[in-house]
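Visitor: Return a 3D structure for these sequence lines:
(chains A and B)
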Amino acid sequence: SQKIEQNSEALNIQEGKTATLTCNYTNYSPAYLQWYRQDPGRGPVFLLLIRENEKEKRKERLKVTFDTTLKQSLFHITASQPADSATYLCALDESSGNTGKLIFGQGTTLQVKP
Amino acid sequence: DTAVSQTPKYLVTQMGNDKSIKCEQNLGHDTMYWYKQDSKKFLKIMFSYNNKELIINETVPNRFSPKSPDKAHLNLHINSLELGDSAVYFCASSQVLAGSHNEQFFGPGTRLTVL
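Guide: This next block holds a predicted model:
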């Protein structure tokens, strides 16, 4: 079955820099890939979705890329702020949208220092 | 208005007890899910219901039984609780359109501690 790997080590960056988080998957390329944000003690919140035929997707300071050759998605936060500190989860749908069965990575914790 | 709500937020109980967690969504979605997030923060799907029909049933001990009285509610009942059941349980909902994406909306979680 599909396996997703995210860097389990925390990422510490200085405010104003660009944070780049990596998500790798092992088997077939999913039809789309999602990114969520999770704050301590809260449920995940959807951020962005990218389809397999899209190379890049942007939303405000967020950018996601999807490389089906490398089996990898990169998640960028530009001009990072302390408020961006959270755990970021990538997820893919094993059912190609038919049942919504999401497989999540273990998440990468981002810490933005002022 | 809370989109996906869960009760209780915290649940502390003894081994061997039976407990239930309730979930409600007011988004009009047709699909609801239960996830378990363990101490290592892995979020793993357990069950999913679409219009009161069970559509995802992962390898979960049969002590766990979901029940969906209507498409806005999905409850999780756990029998004979074990120490390993301690985790945070999240409910989520989405509108599943076949072949399309489905952004999921998560509840605040229920932290279950089994002593």
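
Visitor: and the residue in chain B that chain A sits nearest to, how many neighbours does it have?
Guide: As assessed by CB to the nearest CB, chain A sits closest to B:Phe106 within chain B, at 3.1 Å. C-betas here are computed from N, CA, C, even on glycine. Per other CB atoms under 10 Å in any protein chain shown, the neighbour tally for B:Phe106 reads 23.

Visitor: what separates the residue lying closest to it once chain neighbours are set aside from A:Asp67, distance-wise?
Guide: Once flanking residues are discounted, B:Phe106 sits nearest to A:Gly43: 3.1 Å by CB to CB, 6 or more residues apart in numbering or on different chains. According to CB to CB, to the nearest Å, A:Gly43 stands 29 Å off from A:Asp67.

Visitor: how many neighbours does A:Glu54 have?
Guide: Neighbour tally, A:Glu54, other CB under 10 Å: 13.

Visitor: surely it meets A:Phe66?
Guide: Yes - the criterion here is CB atoms under 8 Å, and A:Glu54 meets it with A:Phe66 at 6.2 Å.

Visitor: Tell me who's in contact with B:Thr13.
Guide: Neighbouring residues of B:Thr13 by CB atoms under 8 Å, 6 or more residues apart in numbering or on different chains: B:Lys19, B:Leu81, B:Leu112, B:Thr113, B:Val114, B:Leu115.

Visitor: Next: A:Tyr25.
Guide: Counting by CB under 8 Å, 6+ apart, the residues that A:Tyr25 touches are A:Gln2, A:Lys3, A:Ile4, A:Glu5, A:Leu33, A:Lys71, A:Gln72, A:Leu92.

Visitor: Can you show me the strands along chain A?
Guide: With DSSP state E as the criterion, chain A has strands at A:4-6, A:11-14, A:19-25, A:32-38, A:45-51, A:56-59, A:62-67, A:72-77, A:86-93, A:102-104, A:108-113.

Visitor: Save these as a markdown table, and put in distance to B:Glu53 and mean pLDDT too.
Guide: Shown next, in a markdown table, are those (distance: least, CB to CB, whole Å; pLDDT from 0 to 100):
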| stretch | distance to B:Glu53 | mean pLDDT |
| --- | --- | --- |
| strand A:4-6 | 27 | 91 |
| strand A:11-14 | 41 | 96 |
| strand A:19-25 | 29 | 95 |
| strand A:32-38 | 24 | 93 |
| strand A:45-51 | 24 | 93 |
| strand A:56-59 | 33 | 94 |
| strand A:62-67 | 32 | 95 |
| strand A:72-77 | 32 | 96 |
| strand A:86-93 | 19 | 93 |
| strand A:102-104 | 19 | 91 |
| strand A:108-113 | 35 | 96 |
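
Visitor: And those strands: which comes nearest B:Ser48?
Guide: strand A:102-104 (9.6 Å; CB to CB).

Visitor: Any idea what the residue nearest the centre of chain B is bridged to?
Guide: Centroid check for chain B by CA atoms, centre = their mean gives B:Trp34 as the closest residue, at 2.7 Å. In this entry, B:Trp34 is beta-bridged to B:Phe47, B:Cys91, by DSSP bridges.

Visitor: Thanks a lot, catch you later.
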